[in-house]
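*Asks:* Fold the following, please.
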Amino acid sequence: MVKELFSPDALTGKHILITGGGTGLGRSMALRCAKLGAKVTICGRRPEPLMETVADIQALGANANGISCNIREAESVAEMVASAESQLGPVNGLVNNAAGNFLAPTHEISPNAFDSVVKTNLYGAFFITQALAKKWIERNQSASVVSITTSYAQTGSAFVIPSAVSKAGIEAMTKSLAVEWGVYNIRLNAIQPGPFPTEGAWKRLVPNEQVAEQMRSRVALGRFGEHDELTALVVFLLSDASSYMTGTVLTLDGGEVLNAGGQFNELTRLPRPFLLEMLKSMRG
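*Replies:* Numbering: from 1, shown residues only. Take a look at the predicted model:
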């Protein structure tokens, strides 16, 4: 981990709920928030990784709780939120991180497969955001919601239609509720991560080094993202330092989307001496 950029008490007084917090990026977010003073509740489908992450957080001297939950079902979400608050107090920060995804030709996707991803991504994010907002509004409590989407939510992408559709929906929800709930001082923002390797989903979506290198070549900075770089932005949006920011969708992709859009951006992949000589010759 790079040198900590935030003060050790940056999230003191916060109770952060992170969906999909037992593994991958969610786990990294949970650990970072705990190190900065937050109480952390993580939820997910499988209890084993939740308990492992909770143990690691508690080893830091922080308060943490893990709750198994099916976020596709509103009733399960309501029970999870009630349990989280009964154990660690009122939640005032939410990270909608849980997600499903797979690669497949769209014309071969079954209704159940489409339904599964959309319910996990979009329904899950809405159910939890709504369940907490009811409590925040009733208590007149300010709060921050950070939703993790994807860089292709704005561009679209072949072979991941359920994910693209549902993540775009989360961004629309973020902007809509930022306006509707601004009067309650409930802030909602979203992050579009580019490629950030993880142990789970990354292996399914990037099956070999050839695919990885192709993806890496599209990133203007020439590398994949580090977990610390994403968690730093999450912490900022959860903290009081971003108190005037709401309804914003931030892209964190090393310039991947911009690099893919320019007509002559492919030239950057040529060997540098050859490129410079070619450009020089074109000037006559």
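*Asks:* Run through the stretch 1-150 of the chain and note the low-pLDDT ranges.
*Replies:* 1-2 (pLDDT under 70).
*Asks:* these two touch, right, residue 116 and residue 100?
*Replies:* Yes - contact criterion Cβ atoms under 8 Å: residue 116 and residue 100 qualify, at 6.1 Å. All C-beta spots, glycine's among them, are computed from the backbone N, C-alpha and C.
*Asks:* Touching both of the two, which residues are there?
*Replies:* Common contact partners of residue 116 and residue 100 (Cβ atoms under 8 Å, 6 or more residues apart in numbering): residue 162.
*Asks:* Tell me which of the two has more neighbours.
*Replies:* residue 100 (18 against 15; other Cβ atoms under 10 Å).
*Asks:* May I have the phi/psi pair for the more buried one?
*Replies:* phi -120, psi 150 (degrees, to the nearest 10).
*Asks:* likewise residue 144?
*Replies:* Torsion angles, degrees, to the nearest 10, at residue 144: phi -130, psi 130.
*Asks:* what's the distance between it and residue 69?
*Replies:* Using Cβ to Cβ, to the nearest Å, residue 144 is found at 21 Å from residue 69.
*Asks:* same thing with residue 111?
*Replies:* From residue 111 over to residue 69 (counting by Cβ to Cβ), the distance is 24 Å.
*Asks:* out of those two, which sits in the more crowded spot?
*Replies:* The residue with more neighbours, out of residue 111 and residue 69, is residue 69; 25 against 7, by other Cβ under 10 Å.
*Asks:* Just to check, the more buried one is in contact with residue 43?
*Replies:* Yes - counting by Cβ under 8 Å, residue 69 does reach residue 43; the two are 4.4 Å apart.
*Asks:* Look up the closest residue to the residue nearest the centre of the chain, ignoring the ones flanking it.
*Replies:* With distances taken as Cα atoms, centre = their mean, residue 148 lies nearest the centre of the chain, 2.5 Å away. Leaving aside its sequence neighbours, residue 148 sits nearest to residue 97 (Cβ to Cβ, 6 or more residues apart in numbering; 4.8 Å).
*Asks:* which parts of stretch 250-266 are buried?
*Replies:* 251-254, 256-257, 259-260 (16 or more other Cβ atoms under 10 Å).
*Asks:* Serialize the residues you listed to TSV and add fields for secondary structure, distance to residue 281 and pLDDT.
*Replies:* Shown next, in TSV, are the buried residues of stretch 250-266 (DSSP: H, G, I helix; E, B strand; the rest coil; distance: Cβ to Cβ, whole Å; pLDDT from 0 to 100):
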residue	secondary structure	distance to residue 281	pLDDT
251	strand	36	97
252	strand	38	97
253	coil	33	95
254	coil	31	96
256	helix	30	91
257	helix	31	91
259	helix	24	86
260	helix	27	80
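*Asks:* host element of residue 40?
*Replies:* strand 39-44 (DSSP states H and E).
*Asks:* ditto for residue 141
*Replies:* Applying DSSP H and E, one finds residue 141 in no helix or strand.
*Asks:* how near is it to residue 240?
*Replies:* Residue 141 is 14 Å from residue 240, where distance means Cβ to Cβ.
*Asks:* Then residue 24?
*Replies:* For residue 24 relative to residue 240 (Cβ to Cβ), the value is 27 Å.
*Asks:* how many other residues sit next to residue 90?
*Replies:* 13.
*Asks:* for residue 80, same thing?
*Replies:* 23.
*Asks:* Residue 118 versus that one, what's the distance?
*Replies:* 20 Å.
*Asks:* Mutual contacts of residue 69 and residue 43, please.
*Replies:* Common neighbours of residue 69 and residue 43 (Cβ under 8 Å, 6+ apart) are residue 80.
*Asks:* wait, what's in contact with residue 68?
*Replies:* 43-47, 50.
*Asks:* quick one on the thing from earlier: tell me what the strand holding residue 40 is packed against?
*Replies:* strand 15-19, helix 24-35, helix 47-59, strand 64-68, helix 74-88 (3 or more Cβ pairs under 8 Å, 6 or more residues apart in numbering; DSSP states H and E).
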